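Visitor: Sequence and predicted structure below; questions after.
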Amino acid sequence: DNTTYVTLSEDEARREVRKLQVEIIAWLDKFKPRADGEKEVRPGAGSVRYKAALYIQQKTLEAIMSDPYAYFYLLYKLHKSPIKTRPVSSQCASVSFAIGQFVDEQLQQIAKTMASYFQDSFALKRLLTDITLPPDTSLYSMDAVSMYTSIDSAACLMVLSDYLRRPDVQSKFEYNADCLIEALGIAL
């Protein structure tokens, strides 16, 4: 689908990876802990803990030195008729993997407190099994078509930014909103 995905030349891909690496390093330089003897005052310094900063830096460098790319493949949905596919973009060991892990860890603490959160489909099944419904009740389910490719990343980042900057949310969790939002922008 040429409207959703674009094929890059090798040179274009290398440039994009290099740009991503520069963004990650600049983000780390801004939010990593202050070094001993550092005179410059950086707002947000220390928002990424020392071990996390070291991990992100190391994994980003490892990816650059070996294979920095994410991999795109399709999974067949054999339960669908006619058979369809689900696109997967695997970030494992890519240049953006470690910063993506950081974002995931930061957002998980928030997501797990939401009333709509359940860990997986088994947890949902347990919840539904325990519900006693009146006799005339019906349950419905829906399936999104091309959900991830339909999400407007800029709009998503704007909504998440507004939410993450809310004082009532910030008071409940330990994170720096600017640090997390910038990391989200890189990972998206």
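Guide: The structure has been received and is ready for your questions.
Visitor: what helix or strand is Asp29 on?
Guide: Using DSSP states H and E, Asp29 falls within helix 10-31.
Visitor: moving C-terminal of that helix, what's the next helix or strand?
Guide: helix 50-65.
Visitor: which sections of this structure are below the confidence cut-off?
Guide: Where the chain drops to pLDDT under 70, the residues are 1.
Visitor: Share the number of residues neighbouring the nearest residue to Thr113 once chain neighbours are set aside, please.
Guide: Nearest non-adjacent residue to Thr113, counting by Cβ to Cβ, 6 or more residues apart in numbering: Lys172, 7.3 Å away. In short, each C-beta sits where N, CA and C put it, glycine included. By other Cβ atoms under 10 Å, the residues close to Lys172 number 11.
Visitor: for the helix holding Asp29, packing partners?
Guide: helix 50-65, helix 177-187 (3 or more Cβ pairs under 8 Å, 6 or more residues apart in numbering; DSSP states H and E).
Visitor: The first one packs against which elements?
Guide: To tie it back to what came earlier, the one meant is helix 50-65. Counting contacts by 3+ Cβ pairs under 8 Å, 6+ apart, helix 50-65 is packed against helix 10-31, helix 97-111.
Visitor: Save the ones you listed as TSV, and put in mean neighbour count too.
Guide: Shown next, in TSV, are those (neighbours: other Cβ atoms under 10 Å):
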stretch	mean neighbour count
helix 10-31	15
helix 97-111	17
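Visitor: Could you dump those helices into JSON lines and include distance to Asp120?
Guide: Formatted as JSON lines, these follow (distance: least, Cβ to Cβ, whole Å):
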{"stretch": "helix 10-31", "distance to Asp120": "30"}
{"stretch": "helix 97-111", "distance to Asp120": "13"}
